[in-house]
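Enquirer: Next one to model:
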Amino acid sequence: MPRRRRVHLDAVPLHIVQRGHNREPCFFDEQDYHAYLQWLGEALARERCALHAYVLMTNHVHLLVTPASAGSIPRVIIAVGRRYVQYINHSYRRTGTLWDSRYKSSLVQAETYLLFCQRYIELNPVRAGMVADPAEYPWSSYRHHALGEPNSILSPHELYTALGSGAVARQQAYRDLFVTGLGDEPIKELRMALNQNQPIGNQRFYAQIEAATGQRRELKKRGRPQRRKGDESPPEGEQGELAL
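Expert: Predicted coordinates:
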């Protein structure tokens, strides 16, 4: 069966995940994270894409991006990926590929899922057992949103800025969102949509995407008996580097 075509739309938020080849590490030292973020920021600015949230894990990255033009997303991923691979191969005297050939992506309906998706991304290190609090992990957007730490590559979404009339109130309101958990079923739905390059939102959102692209949302649930080795990551917290 052919792979489902990825769908990107102008001005619609997109949740992206890119993994290391064979789930192997793609960050090895602190300077690697800094290099990736620098080149990501340059590519986003060049392609007019707004980055709302991110996390750089040991062997994969999550990005929440709104592109001005849908066609800019592949250009960002390719530009950052190539430059970063050259840097890693030169720095560590290695050869060959670093990333999986295809990134995963899911269109996100802003009013229903954007802040949920943003929290899901920033909580990744916590679910993976790497830290107890998202503020302890330096390679995500959480410290900017919750604590006001400067971060020049981020463009906070209007739903985030609407959380409070000022920075202090907004950051407190955002921290309050993390008091309660995300829930197993919403997480499961988000992961399934991402793994299958499907949108996530409500029925009206799905109808709008179908009208714009001609492609229907058709999630195929994976039962445990049919699961093949490598299809999905293990549950959050089993192995930090493999958390989705």
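Enquirer: Flag every buried residue along the helix ranked longest in the chain.
Expert: Taking DSSP state H as the criterion, the chain has its longest helix at helix 72-91. Buried positions in helix 72-91, judged by neighbour count with 16 or more other CB atoms under 10 Å: 72, 73, 76, 77, 79, 80, 81, 83, 84, 85, 87, 88. (Glycine included, C-beta is placed from N, CA and C.)
Enquirer: Only alpha carbons, please: show whatever helix or strand comes next after that helix as PDB.
Expert: Following helix 72-91 in sequence order, the next helix or strand is strand 104-107 (DSSP states H and E). In PDB, the C-alpha atoms belonging to strand 104-107 read as follows (Å, rounded to 0.1, in the frame of the first residue of the first chain):
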ATOM      1  CA  LYS A 104       6.000  12.900  10.000                       C
ATOM      2  CA  SER A 105       3.500  15.700  10.100                       C
ATOM      3  CA  SER A 106      -0.100  16.400  11.200                       C
ATOM      4  CA  LEU A 107      -2.200  19.500  10.500                       C
END
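Enquirer: following strand 104-107, which helix or strand comes up?
Expert: Per DSSP H and E, the first helix or strand lying C-terminal to strand 104-107 is helix 115-122.
Enquirer: Helices along the chain, start to end?
Expert: Going by DSSP H, the chain shows helices at 30-47, 72-91, 115-122, 124-127, 142-147, 158-161, 167-177, 184-195, 203-213.
Enquirer: measure the spatially most central residue of the chain to residue 127 for me?
Expert: By CA atoms, centre = their mean, the chain has its centre lying nearest to residue 62, at 2.6 Å. Distance of residue 62 to residue 127, given as CB to CB, to the nearest Å: 12 Å.
Enquirer: can you check residue 161 too?
Expert: Separation of residue 161 from residue 127 (CB to CB) stands at 26 Å.
Enquirer: what about the two, which has more around it?
Expert: residue 127 (19 against 11; other CB atoms under 10 Å).
Enquirer: By pLDDT, give me the weakest of the buried residues of helix 72-91.
Expert: Taking the buried residues of helix 72-91 together, the minimum pLDDT is found at residue 81 (93).
Enquirer: Once you drop chain neighbours, what's closest to it?
Expert: Nearest residue to residue 81 in three dimensions, chain neighbours excluded: residue 99, at 5.4 Å (CB to CB, 6 or more residues apart in numbering).
Enquirer: which residues does residue 8 contact?
Expert: Residue 8 makes contact with 14, 67, 70, 71, 73, 74, 105, 107, according to CB atoms under 8 Å, 6 or more residues apart in numbering.
Enquirer: Which strand residues bridge residue 108?
Expert: Residue 108 has these beta-bridge partners by DSSP bridges: residue 200.
Enquirer: So for stretch 63-73, first residue to last residue, what's the gap.
Expert: One end of stretch 63-73 sits 11 Å from the other (CA to CA, to the nearest Å).
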